[in-house]
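>>> just coords:
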């Protein structure tokens, strides 16, 4: 579905949206696994948009910082994302940067806060963070 660079960019973006602090971040919680499953099933219609966005995000990082998005410091990555949320772009985007980055952020949140049976929120990490106790 994604090439190695696009996958690295997606994982880096997930970590910027849900960074590791005193609790595990998005990757440790399995948000990347959730997104891949989602994009192969119900979200298959988003694959082209994700692909275009990840490629354009990588080009933005290369244009502005001469390095891949995945290699940017957290500060540089956050500044780049913030500029893109304002549609301040230097690369060619085939879709609206802000809208698509918002969509990906929403999908990341869905995965992070979802029932662990859906492939993310490993060990209920976000639920523990919120103090939620599942009752079955």
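Sure, I can see it. Fair warning: this is a prediction, and the values are worked out from it, not measured in the lab.

>>> so where's this structure uncertain?
118-119, 122-136 (pLDDT under 70).

>>> can you show me the helices along it?
Listed in chain order, the helices of the chain (DSSP state H) span 4-17, 31-40, 47-65, 74-85, 97-113, 125-130.

>>> which among these is found nearest to residue 24?
helix 125-130 (5.1 Å; CB to CB). From N, CA and C alone the C-beta is placed, and that goes for glycine too.

>>> coming back round to it: to residue 91, which of the helices of the chain lies closest?
Short answer: helix 47-65, nearest of these by CB to CB, at 3.7 Å.

>>> for residue 5, see how far away the residue nearest to residue 81 when sequence neighbours are not counted is.
Excluding the flanking residues, the one nearest residue 81 by CB to CB, 6 or more residues apart in numbering is residue 16, at 6.0 Å. Computed as CB to CB, to the nearest Å, the residue 16 to residue 5 distance reads 16 Å.

>>> so between the two, which is more surrounded?
Between residue 16 and residue 5, counted using other CB atoms under 10 Å, the more crowded position is residue 16 (18 against 14).

>>> TSV for the helices of the chain, including distance to residue 23?
Below are the helices of the chain laid out as TSV (distance: least, CB to CB, whole Å):
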stretch	distance to residue 23
helix 4-17	13
helix 31-40	13
helix 47-65	25
helix 74-85	16
helix 97-113	10
helix 125-130	5
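
>>> residue 25 is nearest to which of these?
Nearest to residue 25, of the helices of the chain and by CB to CB, is helix 4-17 at 5.3 Å.

>>> which of the residues in that closest one are buried?
Burial within helix 4-17, assessed by neighbour count using 16 or more other CB atoms under 10 Å, is assigned to 6, 8-17.

>>> same deal with stretch 26-37?
Quick answer for stretch 26-37 (16+ other CB under 10 Å): 26-27, 29-32, 34-37.

>>> how long is that stretch end to end?
15 Å (CA to CA, to the nearest Å).

>>> next: stretch 70-77.
8 Å.
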